[in-house]
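Student: build me a model:
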Amino acid sequence: MKKILSIDPNNILALIARIALGIVIFPHGAKKLLGWFGGYGFEGTMGFLTGDAGLPYIIALLVILIEFFGALFLIAGFATRVAAFGVLVNFAGVVITTHLHSGFFMNWYSEPNKGEGLEYFILLFGLALIVLITGGGKASIDAAIAVIKKEG
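Tutor: Just a heads-up that it's a prediction; the model follows:
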């Protein structure tokens with residue numbers, strides 16, 4: 001437990017990695033929970049995930065919560081390793097169930113019916129692993145908590 005909370009409060013690279021990861025994940029969660037960015041909102045997303053995608057209700061709920069609140073936690077640097085782990089597991093599930101067969105490239109223009117490949121997810125996993133290893137870093141709530149604990 002102590003390792004989960006320990007961080008270097010001056011690590012700027014951890015800051016960059018967690019902010020980048022949070023910014024990239026946030027629109028996915030906002031689409032699913034709030035209907036922003038052309039999404040279907042909570043009810044529409046739950047209907048799709050539990051109906052068409054066949055996920056159990058609790059897993060569909062976790063997908064929405066991890067993508068929305070996990071992104072906010074990453075941006076703020078709060079419970080950073082837990083959020084990064086949630087994002088990593090969530091998108092591993094996405095890759096295994098949906099994108100593994102699509103090859104490497106995103107295929108948006110060259111082969112639009114082939115599906116999205118793995119290149120985006122490789123970058124996402126790389127950032128998530130960096131954040132999982134380094135923690136929140138500079139300008140994170142985790143760092144502020146660590147300083148308070150150290151002083152108190």
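
Student: next, count neighbours for His52.
Tutor: Quick fix: residue 52 reads Asp, not His. Counted with other CB atoms under 10 Å, residues neighbouring Asp52 total 8. To be clear about C-beta, it is placed using only N, CA and C from the backbone, and glycine gets the same treatment.

Student: quick check on it: phi, psi?
Tutor: phi -60, psi -40 (degrees, to the nearest 10).

Student: report the contact partners of it.
Tutor: Shown in contact with Asp52 (CB atoms under 8 Å, 6 or more residues apart in numbering): no residues.

Student: what's the pLDDT at the residue nearest the centre of the chain?
Tutor: Closest to where the C-alpha atoms of the chain average out (CA atoms, centre = their mean) is Val87, at 3.4 Å. Reading off the confidence values, Val87 has pLDDT 98.

Student: so it is in which element?
Tutor: For Val87, the host element (DSSP states H and E) is helix 80-94.
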